[in-house]
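**Student:** for reference, the sequence and a predicted model appear below.
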Amino acid sequence: MDKHQYESASVDAKLTAATSAIAGERSSLDATTDKTVAALNRVDDKVTAMRKARTSDPDTLGDKVFRMAFPAVVGLVGGKVFSSVWNLVVAKVHPSPDDDEQDRQQGLVMSMLFAAASAAFGTLLTSVSTKGVQKIIDRMQAKRD
């Protein structure tokens, strides 16, 4: 083998080694690329599902705000009305300052009774108004369709 053939064989061996190294890197890149594409496809599928859920939701923004705000306002106003009625009733039951000592002793019990009654009344109002709002929204959606 002469010097030229030896150099050519050496270059061929180096070229073969470099080609196989590149092929190994390429297969590694292909695997990474496949994983990245699969992850992007999963994200795309999730976004598509979320878009379909959003577009198939019959509630408008106004419906959602109405559904949230109306029962809260009814509960707040109802609580204030209950508090006013409670104060009127308590003032009629204990109109004289002669029984202030007895009122102080019963203060904790009356406070707990007021809190329980007020919470029950507020919960009842909120529950009824939530059901009423749902019926109103259902009627509005039926008209829209």
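**Tutor:** Looks like it arrived, so ask away. Numbering: from 1, shown residues only.
**Student:** stretch 47-65: end-to-end distance?
**Tutor:** Chord length of stretch 47-65, first to last residue, is 25 Å (Cα to Cα, to the nearest Å).
**Student:** what comes into contact with that stretch?
**Tutor:** Identification of contacts with stretch 47-65 by Cβ atoms under 8 Å, 6 or more residues apart in numbering yields Arg67, Ile137, Met140, Gln141, Arg144, Asp145. Bear in mind the C-beta positions are built from the backbone N, C-alpha and C, glycine included.
**Student:** for these, pick the one with the most neighbours.
**Tutor:** Ile137 (19 neighbours; other Cβ atoms under 10 Å).
**Student:** grab the nearest non-local neighbour of Ile137.
**Tutor:** Closest residue in space to Ile137, ignoring its immediate chain neighbours: Asp63 at 5.1 Å, by Cβ to Cβ, 6 or more residues apart in numbering.
**Student:** the helix or strand harbouring that neighbour - what's its average pLDDT?
**Tutor:** Using DSSP states H and E, Asp63 falls within helix 61-93. The average pLDDT for helix 61-93 rounds to 88.
**Student:** any weak-confidence spans in this structure?
**Tutor:** Residues of the chain that meet the criterion pLDDT under 70 lie in 1-15, 17-29, 93-106.
**Student:** ok, 50 please
**Tutor:** Scanning the chain with the threshold set as pLDDT under 50 gives no residue ranges.
**Student:** any idea how it splits into domains?
**Tutor:** 1-57, 58-144 (automatic domain parsing).
**Student:** just to revisit the earlier point, what is the burial count for the residue nearest to Ile137?
**Tutor:** 19.
**Student:** out of the domains of the chain, which one sits most buried?
**Tutor:** Stretch with highest mean neighbour count among the domains of the chain: domain 58-144 (a mean of 12; mean count of other Cβ atoms under 10 Å).
**Student:** stretch 122-129: how far from the chain's middle?
**Tutor:** Here stretch 122-129 is found 23 Å from its chain centre; the criterion is Cα atoms, centre = their mean, to the nearest Å.
**Student:** stretch 61-75 now?
**Tutor:** Relative to its chain's centre, stretch 61-75 lies at 16 Å (Cα atoms, centre = their mean).
**Student:** what of stretch 110-127?
**Tutor:** Taking Cα atoms, centre = their mean, the mean C-alpha location of stretch 110-127 is offset from the chain mean by 28 Å.
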